[in-house]
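Enquirer: I would like to see how this sequence folds:
(2 chains)
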Number of protein chains: 2
Amino acid sequence: MNEVTVSSPATVANVVCGFDILGFALAEPCDSFTVRKTGRRGVTIINKDNYNLPTEPEKNVSGVALLALLNEVKEEIGFEIESNKIIKPGSGIGSSAASAAGVVVAANHLLGNRFSQEQLVEFAMCGEEVASGAKHADNIAPCIYGGITLIRSLNPLDIVSIPAPELFVTVIHPQIEVKTSDARQILKRNVSLKNAITQWANVAGLIAGLMKSDYELIGRSLEDVIVEPVRSILIPGFDELKTRSKEAGALGGGISGSGPSVFMLSRELKTAQQVEVAMKEVYAKIGVEFHTHVSVISKQGVQVKTKKG
Amino acid sequence: MNEVTVSSPATVANVVCGFDILGFALAEPCDSFTVRKTGRRGVTIINKDNYNLPTEPEKNVSGVALLALLNEVKEEIGFEIESNKIIKPGSGIGSSAASAAGVVVAANHLLGNRFSQEQLVEFAMCGEEVASGAKHADNIAPCIYGGITLIRSLNPLDIVSIPAPELFVTVIHPQIEVKTSDARQILKRNVSLKNAITQWANVAGLIAGLMKSDYELIGRSLEDVIVEPVRSILIPGFDELKTRSKEAGALGGGISGSGPSVFMLSRELKTAQQVEVAMKEVYAKIGVEFHTHVSVISKQGVQVKTKKG
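Expert: Next comes the predicted model:
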C-alpha cells in the first residue's frame, strides 16, 4: 500500500475541572489527510485547503510529527502529505492535534502498523510542540484513541481511556484570536490548597460520573475554580453563554482547550441543538462573528478512509 | 426496640493523592457501641473501655453527634451510650469518626431509620468537629456507607460511592502522637499549579483504576506530591516503610488521615501480610512502639449486631 486517506477529528481538551489532563474526541468537524509513501527520506507538504499553513516540514505541525516518526524508521522512505484541513487553526478544538495525529496514524498504516498508539502519541506531541510551544497530549490522545482520555502522566506517558455514556457536545467558536501561549501566561503559578482540593474533588466526581453513567454527577462536577475564572475574561459573553446553555438543558461546560471556543455537554442530541440556539442568541447580541458545531463524543479517533496502491 | 449494639469500623482518610476527599472502611478494628433509648432529653455516656474519654456529652464526639441528631427529633426521648472502643484515639484510622458514626447509626435504628445516610453523616460531622476542630466527612462517610467514598463537596454534601475490586490494607500505628490540628497547620496554604495538576491527574487515575479494577493503574496513581512531602517528616521511618512495603508487593500507600498511622494497599491478603512483616522489621529497627492491622477494605460501614426490647 502506498497511499492512505484519514479523517482526523476535532477534540476538546481540559474539560472544565480536568485542566491539562482530560480530553475527548468529536465526531465532527474532521480534517482529511492523504499520505503517500515516497522513495526518499523527508516529508513534502501540499496544502489543498486555504489556511496557508507553512509547507516547510520543520515549521509544520504535521511535518514535525512525521519527521519524528521517520526518525524511528530505518528504511529509505519518506512521505508526501496532502492536507485538507477543515478545523480552523487557533479555534481551540485541537486543530494542530488533528494535523499531527492524523498524519502519524496514516503513516503507521502505510508501515503495517508497526508503532503502538502510545508511540504515535509521542510522535504527534512533537508536532503539537511547534504549534503551542509545549509538549502536551490532552488533544493528541483523544484524537488517536477516541472517546474520553486521561493523561495521568506525561513522563512516562500514561494514557487511560475513560468509559462514558453517550454525550453530545455543542461548540461555539467566536472568530477572535486567543493564542495558547498567551492563555498559558495569564495563569497564576500558584493556587490555594483550598481551591486545589475543590478542583480534584470535581475531577474525581467527573471520572466517577462518567464511569457510572451518572449524568447528574457529571453535571455537578463540571466546575473549574482555578483556570476558568482567569481565562474566561478573554472570551466575550462567557458567563452568559454558560448560564443560557444550562437553562437550555446543558449538563455544564466551559472553555475548550485554551479557547476561544466554548463547549457544553448534553445528555440528548435535541438538548445539544437547543443549547446551540441559545449560544447563537447570545453571540448575535454581542455582535462577534462565530461558528457552531453539534456532535456526539466520538468513540473513534483518527480513521482510515481509503487506501491505494 | 429500646437497645441496639453496633460495630463501627476504623477508616482510612485521604488515601494518598485524595487529600480531604477520599476514604475507605476497614473490616477491623471496630468499636462497639450499645445505645439505649431513654425517656428524657439528653445523652448519657458510660465508658466501658480504658480510654478515659470525656463523659459530658458536649465534650464527647459520640455525645455531640447524638445531640445533633436529637435536635431533629420532636419526641421527648434521649439516649444512653455504652462505649466499648477498640480503635485508639489519635491513631489516624478514624477513631473519632467511628464514635460519631456508630452512635448515630444505632440511634437511627432505634428511631425506625427515619434519617437518610446523608443526614447521619451531617450529624456525625458535628461530633468529628469536636475531635479535630474542623467539620470533615472523609472518615465519617466511609464509616457509614462502607467501601470507598468520595466527598465531592461538603456544602452541599455530595458523597459518591466508588466501586472497587477487593483490596487488602496493612496499617502500622506508631505509638507517637500527631495532633490533627498540628498536621493541618504545617500544610502550605498555597501549592504550585504544576503540583496541583500532578495531584488531580493521580486522583483521576486512582478513581479510574478502582472502577476499572486495574491494579497497576491504582498503584501508579498512589502518589501524593502535595501533602505527603510535608507531613511525612512527622512519622519516623516513613520513607523506609514505603520502600520496604513496595518491595514486599504493596501497590502503594501513604499516611492514614493526618497520621501517625501509615497504610499500604495490596491485591492479595498474603501480600498484605508480607507487607506487615516488612513494616514490623522497619519499626523494630527504629525502636518505636507500634501496632499493626491487616484487613480487607470492607464493603460494610457501621453494622447493627444485636437488638433488644
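
Enquirer: Return the set of buried residues in stretch A:80-97.
Expert: Within stretch A:80-97, the residues that qualify as buried are A:80-83, A:85-88, A:90-97, counting by 16 or more other C-beta atoms under 10 Å in any protein chain shown. Every C-beta, even on glycine, is put in place using the N, C-alpha and C of the backbone.

Enquirer: Dump the C-alpha coordinates for stretch A:262-279 into CSV.
Expert: What follows is stretch A:262-279, C-alpha atoms only, in CSV (Å, rounded to 0.1, in the frame of the first residue of the first chain):
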residue,chain,number,x,y,z
VAL,A,262,-16.6,27.2,24.4
PHE,A,263,-18.2,23.8,24.7
MET,A,264,-21.3,22.4,26.5
LEU,A,265,-22.2,18.8,27.2
SER,A,266,-25.7,17.5,27.0
ARG,A,267,-27.4,14.2,27.5
GLU,A,268,-29.5,14.3,24.4
LEU,A,269,-28.9,15.5,20.8
LYS,A,270,-32.0,17.6,21.0
THR,A,271,-30.8,19.4,24.1
ALA,A,272,-27.4,20.0,22.4
GLN,A,273,-29.3,21.6,19.5
GLN,A,274,-31.3,23.8,21.9
VAL,A,275,-28.0,24.8,23.5
GLU,A,276,-26.7,25.8,20.1
VAL,A,277,-29.7,28.0,19.6
ALA,A,278,-29.2,29.7,23.0
MET,A,279,-25.4,30.2,22.2
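
Enquirer: buried residues in that stretch?
Expert: So stretch A:262-279, judged by 16+ other C-beta under 10 Å, has buried residues A:262-267, A:271-272, A:274-276, A:278-279.

Enquirer: what about the most centrally placed residue in chain A, distance to chain B?
Expert: With distances taken as C-alpha atoms, centre = their mean, A:Thr11 lies nearest the centre of chain A, 2.6 Å away. Using C-beta to the nearest C-beta, to the nearest Å, we find A:Thr11 at a distance of 17 Å from chain B.

Enquirer: how much space between that residue and B:Ser132?
Expert: Noted for A:Thr11: a distance of 43 Å to B:Ser132, by C-beta to C-beta, to the nearest Å.

Enquirer: Return the member of the buried residues of stretch A:262-279 nearest to chain B.
Expert: For the buried residues of stretch A:262-279, the closest approach to chain B (C-beta to the nearest C-beta) belongs to A:Leu265, at 17.0 Å.

Enquirer: Residues of the stretch 151-300 of chain A that sit close to chain B?
Expert: For the stretch 151-300 of chain A, the contact set with chain B under C-beta under 8 Å from any C-beta of the partner chain comprises A:151-153, A:158, A:160, A:162-163, A:187-194, A:196-197, A:199-209, A:211-212, A:217, A:220-221, A:226.

Enquirer: rerun at 7 Å
Expert: Residues of the stretch 151-300 of chain A lying close to chain B by C-beta under 7 Å from any C-beta of the partner chain are A:151-153, A:158, A:160, A:162, A:187-193, A:196-197, A:199-205, A:207-208, A:211, A:217, A:220-221.

Enquirer: List only buried entries from those.
Expert: Using 16+ other C-beta under 10 Å as the burial test, those include A:151-153, A:158, A:160, A:162, A:191-193, A:196-197, A:199-205, A:207-208, A:211, A:217, A:220-221 as buried.

Enquirer: A:Thr149 belongs to a strand?
Expert: Yes: counting by DSSP: H, G, I helix; E, B strand; the rest coil, A:Thr149 is part of a strand.

Enquirer: okay, it: pLDDT?
Expert: Per-residue pLDDT puts A:Thr149 at 98.

Enquirer: thinking it is in contact with A:Ser161, fair?
Expert: Yes: A:Thr149 is in contact with A:Ser161 according to C-beta atoms under 7 Å; the separation is 5.8 Å.

Enquirer: Looking at the two, which one has more neighbours?
Expert: More neighbours surround A:Thr149 than the other of A:Thr149 and A:Ser161, with 28 against 16 (other C-beta atoms under 10 Å in any protein chain shown).
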